[in-house]
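Colleague: turn this into a model:
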Amino acid sequence: MCTEKRFVLAHERRQTLAATLKTDTRQKIIDSTLSLISTRDVNEISLQDIANAANITKGTLFYYYNSKELIFEDITIEYLNGLATRYYEWINNADKDTSFPRLAKYVLDFGARYGERSKVHIYLVNKALSDNKQLCELFREKYRSWREIIKKTIEERIDEKEKAEGYADLLLILIDGLIVQDLVGIENIDTKQIVSLIIDK
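Modeller: Reported below is the predicted structural model:
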C-alpha cells in the first residue's frame, strides 16, 4: 500500500475514533445530568455538578456545552426523537389496534410519561417564556412537527378529515397538562376516560 493511501486511511480512522469519543462523552454528560435531575432541583444543578457527575473536567464539559440549558435542550430533543421512533413503530405494527381511540390513548400515555425529563421540560418552558428566543423556536419547531405527525395519522383513521388538526392540537395541550399534574403528584388519571370524552362516538 502506498504511503499516501496509508496516511489517508489512518486519518479517516482517527476521525472516526474522534467522532465516536465525542458521541460517547456527549451521551455521558446527558446521562449524568438526568441522574442528577432525579435527586436534585433543576435550578440548583450547576455545570460543575454535571462535570463531577460525568467524571470529566469542567473544561471538557465546556467543550461540549457552555450552559446547562444547552444540555437540557439536547435531553429534550433526544427524548422527543425517541418518542417519534416508538410512535412510528407502534403505528406501523400490524398486530396492534391502532384505531383512532387507541391512538389517542397511546399518544396521551407515552407523551405524558416524561419521567425525570418532566422537570427539564417545565424548566425549559419557563426559560423560553422569560428570555430565551432560541428555546422558544425549539419548542415551536417541535410542536409543529408533532402536530403534523399526529394530525396525519389521525386523518388516516377518521372519516371527518377536517377534525384531525383540532384533535392533534387538543392531544398536545392535554399532554402538557398531564406532565404538570404528574410533577405535582396527581395520580390515577384515567386517560381512557379522557379519550372517550373527547372523541365523538
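Colleague: now the host helix or strand of Tyr143: buried residues?
Modeller: Under the criterion DSSP states H and E, the helix or strand holding Tyr143 is helix 133-155. For helix 133-155, burial by neighbour count (16 or more other C-beta atoms under 10 Å) applies to 135-136, 138-139, 146, 149-151, 153-155. Bear in mind the C-beta positions are built from the backbone N, C-alpha and C, glycine included.
Colleague: list just the nearest of those to Pro101.
Modeller: Within the buried residues of helix 133-155, the smallest distance to Pro101 is 10.9 Å, found for Ile154 (C-beta to C-beta).
Colleague: who are the neighbours in contact with the spatially closest residue to the closest one that is not a sequence neighbour?
Modeller: In space, not counting the residues next to it along the chain, Ile154 is nearest to Ala164; the distance is 4.3 Å by C-beta to C-beta, 6 or more residues apart in numbering. Contact partners of Ala164, counting by C-beta atoms under 8 Å, 6 or more residues apart in numbering, are 151-152, 154-155, 158.
Colleague: thinking again about what came up before, mean confidence score for the helix holding Tyr143?
Modeller: Confidence over helix 133-155 (mean pLDDT, whole number) is 89.
Colleague: next secondary structure after it?
Modeller: Secondary structure here is assigned by DSSP H and E; on that basis, the next helix or strand after helix 133-155 toward the C-terminus is helix 164-183.
Colleague: and that next one, how far out from the chain middle?
Modeller: The offset between the C-alpha centroid of helix 164-183 and the centroid of the whole chain comes to 15 Å, using C-alpha atoms, centre = their mean, to the nearest Å.
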